[in-house]
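1. Can you look at this prediction? I've put the sequence above it.
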Amino acid sequence: MRDDGAVPAYDGSAPCPCGWGEPYAACCRPLHRQEVEAATAEALMRSRYTAFAVGDAGHLVRTWHPSTRPEVLDLADDVRWLHLAVTGVERGGPFDDEGVVEFEAVARAEGRRHVQHERSTFVREGGRWSYVAPA
């Protein structure tokens, strides 16, 4: 697992892959660079999706709860993440300590379309949200 703090090159003026409609530089990049913390579980989930899309394994490792974090994280080079749709949010707001975010992430790999549907659980400890596991 590599976590040297480096953020992969991605055009900051391009729309952020998370789908909120902001440029990457004003949306998820500050979270990837550890300049700000995610205010909500949904914001963290969106930043994690974007980390997959831009190849930022370091952000994924840092935001994965230690109790469920894998020892090795290899991002597949042949997967292209295309679209994220958040389909549900339970708790996970700025005054909560736990939350669930349901989403569908669309990717293309080996010439085929794939849809990942997941209900992810998040916890906030010490003011920092982290991904725990599928609900």
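-> Yes, it's here.

2. Is residue 31 in contact with residue 45, as I believe?
-> No - with contacts counted by C-beta atoms under 8 Å, residue 31 stays clear of residue 45, the gap being 11.1 Å. From N, CA and C alone the C-beta is placed, and that goes for glycine too.

3. So the two - more neighbours on which side?
-> Higher neighbour count among residue 31 and residue 45: residue 45, with 28 against 24, using other C-beta atoms under 10 Å.

4. List the contacts of that one.
-> Residues in contact with residue 45 (C-beta atoms under 8 Å, 6 or more residues apart in numbering) are 86, 101, 103, 120, 122, 131.

5. do you know how far the residue of the chain positioned farthest from its centre is from residue 117?
-> Centroid-distance maximum for the chain: residue 111 at 23.6 Å, with C-alpha atoms, centre = their mean. Note on residue 111: its distance to residue 117, by C-beta to C-beta, to the nearest Å, is 21 Å.

6. Count residues in the vicinity of residue 117, would you?
-> Counted with other C-beta under 10 Å, residues neighbouring residue 117 total 11.

7. looking at the sheet around it, what are its partners?
-> Counting by DSSP bridges, residue 117 is bridged to residue 104.

8. right, and it touches residue 104 too?
-> Yes - counting by C-beta under 8 Å, residue 117 does reach residue 104; the two are 5.0 Å apart.

9. my guess is residue 98 meets residue 122, correct?
-> Yes - in this structure, residue 98 is within contact of residue 122 by C-beta under 8 Å, at 6.7 Å.

10. And those two? Which one has more around it.
-> Legend: neighbour count by other C-beta under 10 Å for residue 98 and residue 122, higher for residue 122 (27 against 15).

11. That one - nearest residue in space that isn't next to it in sequence?
-> Spatial nearest neighbour of residue 122, chain neighbours left out: residue 41 (3.9 Å); criterion: C-beta to C-beta, 6 or more residues apart in numbering.

12. Check whether the one you found really touches residue 101, as I assumed.
-> Yes - counting by C-beta under 8 Å, residue 41 touches residue 101, with 5.4 Å between them.
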